[in-house]
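A.B. asks: Pasting a predicted model and its sequence here:
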Amino acid sequence: QVQLVESGGGLVQAGGSLRLSCAASGRIFSRNTMAWFRQAPGKEREFVARITWSAGTTYYTNSVKGRFTISGDNAKNTVYLQMNSLKPEDTAVYYCAAGAFGSGVPGSYNYWGQGTQVTVSS
């Protein structure tokens, strides 16, 4: 089993920054890939960014490239999502996810956090 605990959401004005954290515990192999997804009201859950521990690679959806950065701290078993230049359209519940071979598809992740709300005001 893998447990994920998110923190760091909140209300920020457009152009501001937030940093989300996701603390992971449990089987290391089962969380080799960790990702952030988000879901706005009335919309499907969408991929934001992912990091693969073994390869050290990162991927981003086009709409956040250059503004968001995903990183990880192995010693703390924590993944971060630094969000800069936030826009109102970034408003959503952000979820941390973990999987052995995760991709950009929600179904490729076995474990999910409880979600944290990010609200960007205009």
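C.D. replies: Sure, I can see it. Numbering: from 1, shown residues only.
A.B. asks: Okay, and the beta partners of L18?
C.D. replies: L18 forms beta bridges with M83, as assigned by DSSP bridges.
A.B. asks: Hmm, it is touching M83, no?
C.D. replies: Yes. Applying C-beta atoms under 8 Å, one finds L18 in contact with M83, separated by 5.0 Å. For every residue, glycine as well, the C-beta is placed using N, CA and C.
A.B. asks: Look at those two and report which has more neighbours.
C.D. replies: M83 (26 against 20; other C-beta atoms under 10 Å).
A.B. asks: so what's the most centrally placed residue in the chain closest to, chain neighbours aside?
C.D. replies: Of all residues in the chain, the one closest to the mean position by C-alpha atoms, centre = their mean is W36, 2.1 Å from it. The shortest distance from W36 to any non-neighbouring residue, by C-beta to C-beta, 6 or more residues apart in numbering, is to V48 (4.3 Å).
A.B. asks: for the one you found, helix, strand, or coil?
C.D. replies: Per DSSP: H, G, I helix; E, B strand; the rest coil, the local secondary structure of V48 is strand.
A.B. asks: Quickly note the distance from E6 to L18.
C.D. replies: 12 Å (C-beta to C-beta, to the nearest Å).
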